[in-house]
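>>> Need a 3D model of the sequence below.
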Amino acid sequence: MHVLPAAEVVTAYLDHLAVERGTARNTLDSYARDLRRYLRYLEQAGVRDFRRVTESEVTGFGAALREGDEVHPPLAASSAARALVAVRGLHRFAHLDGLTEDDPAREVRPPAPAKRLPKALPVDDVLRLLAMPPAEGERPLRDRALLELLYSTGARISEAVGLDLDDVDREERTVLLDGKGGKQRLVPIGRPAVEALEAYLVRARPVLALRGRGTAALFLNARGTRLSRQSAWQVLKTNAERAGISTGVSPHTLRHSFATHLLEGGADVRVVQELLGHASVTTTQVYTLVTMNTLREVYATAHPRALG
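So this is what the prediction gives:
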């Protein structure tokens with residue numbers, strides 16, 4: 001039986017992607033780069049016939065991607081996963097096309113992407129951000145109330161703009177949020193947020209409401225209709241820039257900060273889970289990694305023998 005060079009299979013696979021699958025040029029280029037690296041790995045492993053590739057070569061290649069070598073630096077988990085997807089596609093193509101008897105990459109799974117830790121702002125930055133909207137004018141009063149509510153409750157922006165007037169109980173200082181999957185949760189709201197809401201509801205919302213046709217929405221835009229998620233995100237972004245906070249701001253910035261500051265203050269992770277509306281405590285535990293990183297930094301700089 002003649003030798004089946006791996007390079008021939010790679011060429012045929014890339015042609016198949018380009019011609020029959022209509023794969024985008026950028027994707028083809030990245031697959032070609034990854035598969036060239038795979039070819040070099042097989043060559044160094046002494047595999048000349050593509051039909052002789054086993055699962056151990058495929059997993060070995062995955063490990064090599066993460067470790068790096070003399071020529072290539074180690075790849076991040078996301079890049080290594082992309083390269084393994086290309087290799088899995090290559091072997092699947094060869095098997096389905098009858099070039100190989102089996103698919104050695106079938107059971108090989110790309111590495112799970114590393115958890116991206118949520119970015120929380122320091123308390124001083126949050127306080128500066130909340131103080132940005134002036135205390136006069138319809139839109140500034142609305143923006144101040146919106147930002148205070150987001151930080152005080154940990155609400156998602158979509159949950160905040162979805163609030164109706166009846167969802168806020170100013171006497172009990174609670175807010176009823178409609179979370180993911182139609183699940184509602186009642187969360188407490190701090191006094192500064194209640195005061196900002198009072199100012200908005202008394203001095204700003206009635207003026208904005210006159211421009212619309214009547215709506216129960218809590219937060220209104222300049223036309224007197226419900227504020228959109230995009231507009232609320234723009235409020236957060238604009239005021240963060242005005243406060244000099246240019247990096248690490250996302251629609252969830254105040255939600256992340258709410259969770260992190262609660263845990264740093266000693267709150268139980270399951271209480272924070274309830275407040276955030278997470279279905280699983282595992283999701284909330286990502287924030288404990290953030291606070292642990294902070295503890296490590298403080299420990300490393302404060303303990304006399306931390307570096308010993």
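>>> which secondary structure element contains the residue lying closest to residue 246 once chain neighbours are set aside?
Once flanking residues are discounted, residue 246 sits nearest to residue 240: 7.6 Å by C-beta to C-beta, 6 or more residues apart in numbering. For the C-beta atoms, the positions are set from N, CA and C on the backbone; glycine is no exception. Assigned by DSSP states H and E, residue 240 belongs to helix 229-242.
>>> Mind giving me the packing neighbours of that helix?
helix 138-153, helix 157-161, helix 253-264 (3 or more C-beta pairs under 8 Å, 6 or more residues apart in numbering; DSSP states H and E).
>>> So what's the model's average confidence on it?
What helix 229-242 shows for mean pLDDT is 96.
>>> Okay, buried residues for it please.
For helix 229-242, a neighbour-count test (16 or more other C-beta atoms under 10 Å) marks 229, 232-233, 235-236, 239-240 as buried.
>>> low pLDDT regions in the stretch 201-308 of the chain?
Scanning the stretch 201-308 of the chain for pLDDT under 70 picks out 307-308.
>>> what angle do the helix or strand where residue 185 lies and helix 138-153 make?
In this structure, residue 185 sits in strand 184-188 according to DSSP H and E. Strand 184-188 runs at 100 degrees relative to helix 138-153, counting by axes from the mean of the first three to the mean of the last three C-alpha atoms, to 10 degrees.
>>> Dump strand 184-188 to CSV, keeping only the CA atoms.
The C-alpha trace of strand 184-188 is given here as CSV (Å, rounded to 0.1, in the frame of the first residue of the first chain):
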residue,chain,number,x,y,z
GLN,A,184,-38.8,37.1,39.0
ARG,A,185,-36.8,38.1,42.1
LEU,A,186,-37.3,40.6,44.8
VAL,A,187,-34.2,42.5,45.7
PRO,A,188,-33.6,45.2,48.3
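>>> helices or strands next to the helix or strand that that strand is followed by in the packing?
Later in the chain than strand 184-188, the nearest helix or strand by DSSP H and E is helix 191-203. If contacts are counted by 3+ C-beta pairs under 8 Å, 6+ apart, helix 191-203 sits against helix 138-153.
>>> contact partners of the strand holding residue 185?
153-155, 173-179, 274-275, 277 (C-beta atoms under 8 Å, 6 or more residues apart in numbering).
>>> Could I get those residues in CSV, plus columns for secondary structure?
Shown next, in CSV, are the contacts of strand 184-188 (DSSP: H, G, I helix; E, B strand; the rest coil):
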residue, secondary structure
153, helix
154, coil
155, coil
173, coil
174, strand
175, strand
176, strand
177, strand
178, strand
179, coil
274, helix
275, helix
277, coil
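>>> low-confidence ranges in the stretch 1-150 of the chain?
Checking the stretch 1-150 of the chain against pLDDT under 70 turns up 1, 69-71, 111-115.
>>> Can you list the residue ranges for helices in it?
For the stretch 1-150 of the chain, applying DSSP state H, counting those that start in this stretch gives helices covering 6-19, 25-44, 55-67, 77-96, 123-130, 138-153.
>>> sorry, back to before: residue 165: which of the buried residues of helix 229-242 is nearest?
Distance to residue 165 across the buried residues of helix 229-242 (C-beta to C-beta) is lowest for residue 232, with 16.8 Å.
>>> list the contacts for that closest one?
146, 157, 160-161, 219.
>>> how near is it to residue 128?
Applying C-beta to C-beta, to the nearest Å, the value for residue 232 to residue 128 is 19 Å.
>>> what does residue 268 give?
Taking C-beta to C-beta, one finds residue 268 at 29 Å from residue 128.
>>> Apart from its neighbours in sequence, what residue is nearest residue 117?
residue 290 (5.3 Å).
>>> Spell out the secondary structure type for that neighbour.
Per three-state DSSP, residue 290 ends up helix.
>>> That one: how many residues sit nearby?
If you count neighbours by other C-beta atoms under 10 Å, residue 290 ends up with 18.
>>> doesn't residue 121 make contact with it?
No - if you go by C-beta atoms under 8 Å, residue 290 and residue 121 don't touch, sitting 11.7 Å apart.
>>> which residues touch the closest residue in space to residue 80 that isn't next to it in sequence?
Leaving aside its sequence neighbours, residue 80 sits nearest to residue 65 (C-beta to C-beta, 6+ apart; 4.1 Å). Neighbour list for residue 65: 37, 74-75, 79-80, 83-84 [criterion: C-beta under 8 Å, 6+ apart].
>>> hmm, which of these are the buried ones?
37, 75, 80, 83-84.
>>> per the record, what domains does this protein have?
6-96, 123-301 (automatic domain parsing).
>>> ok, and what's touching stretch 18-25?
17, 28, 31.
>>> Now do the end-to-end distance for that stretch.
8 Å (C-alpha to C-alpha, to the nearest Å).
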